[in-house]
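**Student:** okay, structure incoming, though there's no sequence with it:
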């Protein structure tokens, strides 16, 4: 994965910048397509980010010998499914991967953009004449 540098060390800059850039590029692409008419698109992307973070962390850990490389049974698969629906586990997985800064940035950006799209008059600055 890109998060592991050539010497096997984590590159914190790449780990924090890459998810942020990918999420913003995905939002820009979906906004340009027919899905751009959906006003709550940033909230849906944020929901997907929090729901799939434990799964993405498990996939990323597979590159370094953890994750799916470990023997899984039905109990562990059920726990991964249950952890995926609780948002606090997304933060715990982000701390483990080192992407907590990117997760906070994505959360703030998507909340602001979602509020701007849902209630355009509330965020826009009124002219004083």
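**Tutor:** Arrived safely, thanks for sending. Keep in mind it's a predicted model, so treat the numbers as computed, not measured. Numbers count the residues shown, from 1 in each chain.
**Student:** what segments of this protein are helices?
**Tutor:** 12-32, 41-62, 74-84, 87-97, 100-118, 120-123 (DSSP state H).
**Student:** what sits up against the longest one?
**Tutor:** Just to be clear, that refers to helix 41-62. Helix 41-62 has contacts (Cβ atoms under 8 Å, 6 or more residues apart in numbering) with 1, 3, 23, 26-27, 30-31, 35, 38, 67-69, 80, 83-85, 87, 89-90, 93-94, 96-97, 103, 106-107, 109-111, 113-114, 117. Where you see a C-beta, it was placed from the backbone N, CA and C, and this is true even at glycine.
**Student:** next, count neighbours for residue 51.
**Tutor:** Using other Cβ atoms under 10 Å, residue 51 has 14 neighbouring residues.
**Student:** if we can go back for a sec, let's have the helices of the chain in TSV, adding mean pLDDT.
**Tutor:** Output for the helices of the chain, formatted as TSV (pLDDT from 0 to 100):
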stretch	mean pLDDT
helix 12-32	80
helix 41-62	82
helix 74-84	74
helix 87-97	77
helix 100-118	87
helix 120-123	66
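**Student:** ok, residue 101 to residue 29 distance?
**Tutor:** Shown here: residue 101 relative to residue 29, a distance of 23 Å by Cβ to Cβ, to the nearest Å.
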